[in-house]
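Trainee: prediction below, plus the sequence it came from.
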Amino acid sequence: MTSYQPVMDVAELQAFLIAAFPEHGKGEGVGGTLIEDVSPGVVRARLIYGDHHLRPGGTISGPTMMGLADHVMYALVLAHIGPVALAVTTNLNINFLRKPAPADLIAEARFVKLGRRLAVGEVHIFGGDEKMVAQVSCTYSIPPK
């Protein structure tokens, strides 16, 4: 098994994301996404719940979960290649497994493969009851150096 070593820690990654995307919040307060852990080949983040994440029926919306998955996958890529702002999503496929209750969501991204030009990963999103609510596969294009 390949061991992917991060080149950015939680503080460096969170600082870069805030600078590059100030509209995403600082991970503080309602609606922010907080990077909780960076380890070899893995990044974990928390989406802080807010009522604006709900859809009719009282469950967290699909677009909210897709955005969280994309955010944590981007963070995974950057944590392992460094602050390359122009890495972009080329594919995102999501499977909704159950309706998440109105609570914080935890997303954990892992590499399937990290290459020179493409990063392929999987994201598991967990609801407040710690059950998986969505499974995502995602591919990022890495710009040439």
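Mentor: Arrived safely. Numbering: from 1, shown residues only.
Trainee: could you pull out the buried residues of the helix or strand hosting residue 63?
Mentor: In this assignment (DSSP states H and E), residue 63 forms part of helix 62-81. Of the residues in helix 62-81, 64-81 count as buried by neighbour count, 16 or more other C-beta atoms under 10 Å. (Each C-beta comes from the backbone N, C-alpha and C, glycine too.)
Trainee: give me every residue that touches the residue lying farthest from the centre of the chain.
Mentor: Farthest-out residue of the chain from its mean C-alpha position, per C-alpha atoms, centre = their mean: residue 57, at 24.8 Å. Counting by C-beta atoms under 8 Å, 6 or more residues apart in numbering, residue 57 touches residue 99.
Trainee: just checking, residue 79 touches residue 13?
Mentor: Yes: Residue 79 lies in contact with residue 13 (C-beta atoms under 8 Å); the separation is 5.3 Å.
Trainee: coming back round to it: I'd like the next helix or strand past the helix holding residue 63.
Mentor: strand 88-96.
Trainee: tell me the buried residues in the next helix or strand along the chain from that next one?
Mentor: Proceeding N to C from strand 88-96, the next assigned helix or strand is strand 105-114, under DSSP H and E. Neighbour-count burial for strand 105-114, counted by 16+ other C-beta under 10 Å, picks out 105-111, 114.
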